[in-house]
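Enquirer: Build me a model from this:
(one chain, ligands or ions: 2)
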Amino acid sequence: MRSKNILDIHPEVAEALEAGLPVVALESTIITHGMPWPRNNEMAAQVEDLVRAEGAVPATIAVIDGRLKVGLSEAERVALAKASGTMKLSRADLAFALAEGRSGGTTVAATMIAARRAGIAVFATGGIGGVHKGAETSFDISADLDELARTTVIVVSAGPKAILDTEKTLEVLETRGVPVVAYGTDVMPAFWSRQSPHKAPLRLDTPEAIARFQATRATLGIEGGMLIANPVPAEDEISAEEMAGYIAKAQDDARTGGVSGKDVTPFLLSRILELTDGASLATNIALVKNNARLAARIARAIAAG
Ligand code: PSU
Ligand code: MN
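Expert: Ligands and ions are numbered 1, 2, ... in the order given. Model prediction:
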């Protein structure tokens, strides 16, 4: 699966993969488009440290000057976090950025493609993209959902972002055969909040059980990813009722401003940050850390398995 000429695998990551040690992939659209400087860089550094503290090697994935990086040096991470005009890369344009020598943050979809190629089984993010509210007219459905259906990587998230239509997102995932596993709860979490109104399709309570489930799928010859929905810690959550008002206002502003395509998610996230006076960003950072911790434990369970 590994192809050294297209991937720039950081030596620390390459050694860990060679030795069968636990590795956790991390995305970079959250750095380039999801959070403002310098919090994005602080978050990325803290998440990497946390993965190390849990006994796994972090591999932040991004495209820098046409090279697909699996694991960044500190200087590369800082430059990416500071840069403006970087692309937001998904399945459609990952290869474009490589062919054209561009730089960009990789979304969940593009990070999964690179992780799979590198031989990394587990990936931590904040929230996946999904079916947007109003998708029945806008057709705005994230490529993350199709990627989950086809690429065998375990994705640890805090549930679909609450700016999405959770019910429709769950329907699409079910149709495409993607297992959605809530961690330690029967209820689907909703990113900034621990609870959505929806029951989780599946529930597991330990990293070992998640590793066993994915191994059993592989034994059956079932390809594709799995979505783990890990609720944000109680002390960091913002209640769904409180978020609903901010989300509706941000969506209104997006509509009025004619925001479309790949700009929708970054616009909504930054507008919600303003409306909540920064509280949504603190919660976003807390939930990414929480997901990185669980991803490291799953990677360890797989490596031990
Ligand atoms: N989660 C966050 N912040 C983000 C994203 C997720 O907390 O910025 C990014 C992810 O990279 C995800 C992308 O893949 O948003 C989805 O974008 P879209 O809806 O355009 O597919
Ligand atoms: Mn979209």
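Enquirer: Which positions in stretch 69-80 come out as buried?
Expert: The neighbour-count check on stretch 69-80 (16 or more other CB atoms under 10 Å) flags 69, 70, 71, 72, 76, 77, 78, 79, 80 as buried. All C-beta spots, glycine's among them, are computed from the backbone N, C-alpha and C.
Enquirer: how about the helices of the chain, start to end?
Expert: 11-19, 29, 39-53, 74-82, 94-99, 108-118, 135-138, 143-150, 166-175, 207-219, 240-256, 264-275, 279-304 (DSSP state H).
Enquirer: which residues does the residue nearest the centre of the chain contact?
Expert: With distances taken as CA atoms, centre = their mean, residue 125 lies nearest the centre of the chain, 2.8 Å away. Going by CB atoms under 8 Å, 6 or more residues apart in numbering, residue 125 touches 26, 27, 30, 108, 111, 155, 156, 157, 288, 291.
Enquirer: hang on, the first one packs against residue 62?
Expert: No - counting by CB atoms under 8 Å, residue 62 is not a contact partner of residue 26; they are 9.4 Å apart.
Enquirer: more neighbours, those two?
Expert: Taking other CB atoms under 10 Å, residue 26 and residue 62 do not tie; residue 62 has more neighbours (31 against 28).
Enquirer: Not counting its neighbours along the chain, what's nearest that one?
Expert: Excluding the flanking residues, the one nearest residue 62 by CB to CB, 6 or more residues apart in numbering is residue 28, at 3.9 Å.
Enquirer: Wait, the one you found touches residue 114, no?
Expert: No - Residue 28 is beyond contact range of residue 114, at 10.1 Å (criterion: CB under 8 Å).
Enquirer: between these two, what contacts are shared?
Expert: 61, 106.
Enquirer: who's more crowded, those two?
Expert: residue 28 (30 against 27).
Enquirer: for the record, mean pLDDT for stretch 73-87?
Expert: Averaging pLDDT along stretch 73-87 yields 97.
Enquirer: Flag every residue of the stretch 1-150 of the chain that's near ligand 1.
Expert: Residues of the stretch 1-150 of the chain lying near ligand 1 by CB under 6 Å from any ligand atom: 27, 29-30, 33-34, 107-108, 125-129, 142-144.
Enquirer: isn't residue 73 right up against residue 11?
Expert: No - at 9.9 Å, residue 73 and residue 11 do not qualify as touching, with contact defined as CB under 8 Å.
Enquirer: The residue nearest to the centre of the chain and residue 14, how far apart?
Expert: Separation of residue 125 from residue 14 (CB to CB, to the nearest Å) stands at 22 Å.
Enquirer: And residue 151, by the same measure?
Expert: Using CB to CB, we find residue 151 at a distance of 21 Å from residue 14.
Enquirer: Check residue 211 too.
Expert: 23 Å.
Enquirer: ok, these two, which is more surrounded?
Expert: Neighbour count, other CB under 10 Å: between residue 211 and residue 14, residue 211 has more, with 23 against 20.
Enquirer: Skipping its backbone neighbours, what lies nearest the more buried one in space?
Expert: residue 301 (3.9 Å).
Enquirer: now that neighbour: how far from ligand 1?
Expert: 24 Å (CB to the nearest ligand atom, to the nearest Å).
Enquirer: what do you get for residue 66?
Expert: 20 Å.
Enquirer: residues contacting that residue?
Expert: Counting by CB under 8 Å, 6+ apart, residue 66 touches 97, 98, 99, 100, 101, 102, 103.
Enquirer: what are the phi and psi values for it?
Expert: Dihedral pair for residue 66: phi 80, psi 10, per degrees, to the nearest 10.
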